[in-house]
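1. The sequence and its predicted three-dimensional model are supplied below.
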Amino acid sequence: MELIKENLEKKRAVYLNDNTYRKVWFDDRAEWIYRHVKILDRIVPGYVVNYGNDYIDYSIITGTLASTINHTDEFIREIYKFCLDNIRSTKPWVHGDWALSNIIVKPDGTMVMIDWDNVGTHREQEYMDKLHSDLISAFGEENFKRVINDSASI
């Protein structure tokens, strides 16, 4: 296993196995992991490959992190539409962390959410405020609002 990322503040690390990513928690998460896996199996079947009291193994999704792609107006529109579609498809659960580093653009152009640690049920205003806040943080307030306001089709 190769260490990919470690966050001592959040008490977790991510490792690359031969065919999965393993997220390991350094605190007592057994009950949370069990509940979390049940939710993920319902909304993103096949994403969780295996789990234990202190880890979850996730499928490797091949593609490019959205955070590394040029932020054209079209890309901003595509990300926003993808996030809205993802919210609709997973309701009543929502991802909860729409940072571009949590979106993979697959080679065929489709997008996939990863890192579902913040999944939960929230009031619509709460998750829409969080979505807008995350995308403003990614694209800048002026760019995001200009593109979204110009897009009647979203």
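-> Cool, got the structure.
2. need the longest helix for this structure.
-> In the chain, assigned by DSSP state H, the helix with the most residues is helix 73-90.
3. Okay, buried residues for that helix please.
-> Neighbour-count burial for helix 73-90 flags F75, I76, R77, E78, I79, Y80, F82, C83, N86, I87, T90 (criterion: 16 or more other CB atoms under 10 Å). Glycine gets a C-beta too; all of them are placed from N, C-alpha and C.
4. and if you look at stretch 37-45?
-> Result for stretch 37-45 [16+ other CB under 10 Å]: buried residues I39, L40, I43, V44.
5. Show me which helix or strand of this protein is least confident by mean pLDDT.
-> The weakest-scoring helix or strand in the chain, judged by mean pLDDT, DSSP states H and E, is helix 141-149 (a mean of 90).
6. starting at the chain centroid, how far to that one?
-> 22 Å (CA atoms, centre = their mean, to the nearest Å).
7. buried sites along that helix?
-> N143, F144, V147, I148.
8. any idea how far Y80 is from the second one?
-> What it means is F144. In this view, F144 and Y80 are 8 Å apart by CB to CB, to the nearest Å.
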